[in-house]
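Asker: Sequence first, then the predicted structure:
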Amino acid sequence: MKNRVLAVIAARGGSKSIPNKNMKKVGEYPLIKYSIDSLNDSTLVTKKIVSTDSEIIGNYCKEHGVDFPFLRPKKLADDSAKSIDVLIHAINFYIDKDQFFDYILLIQPTTPFRSKGIIDQSITKLISSE
């Protein structure tokens, strides 16, 4: 049976230092597009979603092949929100729909430059390590 891997791009809309930073261009593309492209290159991720409090970010992701299943609650979108809580929220969203995953992958748009194939290499290493 194939392992089910959920990848969550955690991209909130509010940023005090750089407003709407995930949609700011870095080179040719918005910052978040680099994360989207990395996920779209993966053959091992079975579900790709964005967890965001921004309709703009969510719709952009959806247009580029990443699901936008919910709007993240405000309490998980402020400066004090922890990534683990964002992941737990996403996991619980799918548990409520009787969908389960073997592995969860956190993708942070603020780390845009990933080597090609690094996501699948990391998943393969994780799975083989038991």
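Answerer: Yep, that arrived. Numbers count the residues shown, from 1 in each chain.

Asker: Run the chain-centre distance for the longest helix anywhere in the chain.
Answerer: As assigned by DSSP state H, the longest helix anywhere in the chain is helix 83-95. Relative to its chain's centre, helix 83-95 lies at 11 Å (Cα atoms, centre = their mean, to the nearest Å).

Asker: Can I get it as CSV, trimmed to CA atoms?
Answerer: Output of helix 83-95 as CSV, limited to C-alpha atoms (Å, rounded to 0.1, in the frame of the first residue of the first chain):
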residue,chain,number,x,y,z
SER,A,83,3.7,25.8,13.0
ILE,A,84,2.8,22.7,15.0
ASP,A,85,-0.6,24.1,15.8
VAL,A,86,-1.2,24.9,12.1
LEU,A,87,-0.3,21.3,11.2
ILE,A,88,-2.6,19.9,14.0
HIS,A,89,-5.4,22.1,12.7
ALA,A,90,-4.9,20.6,9.1
ILE,A,91,-4.7,17.1,10.4
ASN,A,92,-7.8,17.5,12.4
PHE,A,93,-9.6,18.9,9.4
TYR,A,94,-8.9,15.7,7.5
ILE,A,95,-9.6,13.4,10.5
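
Asker: Please, where are all the strands along this structure?
Answerer: Per DSSP state E, the chain carries strands over the ranges 5-10, 25-26, 29-30, 47-51, 103-107.

Asker: angle of the last one against helix 83-95?
Answerer: On the basis of axes from the mean of the first three to the mean of the last three Cα atoms, to 10 degrees, strand 103-107 is oriented at 130 degrees to helix 83-95.
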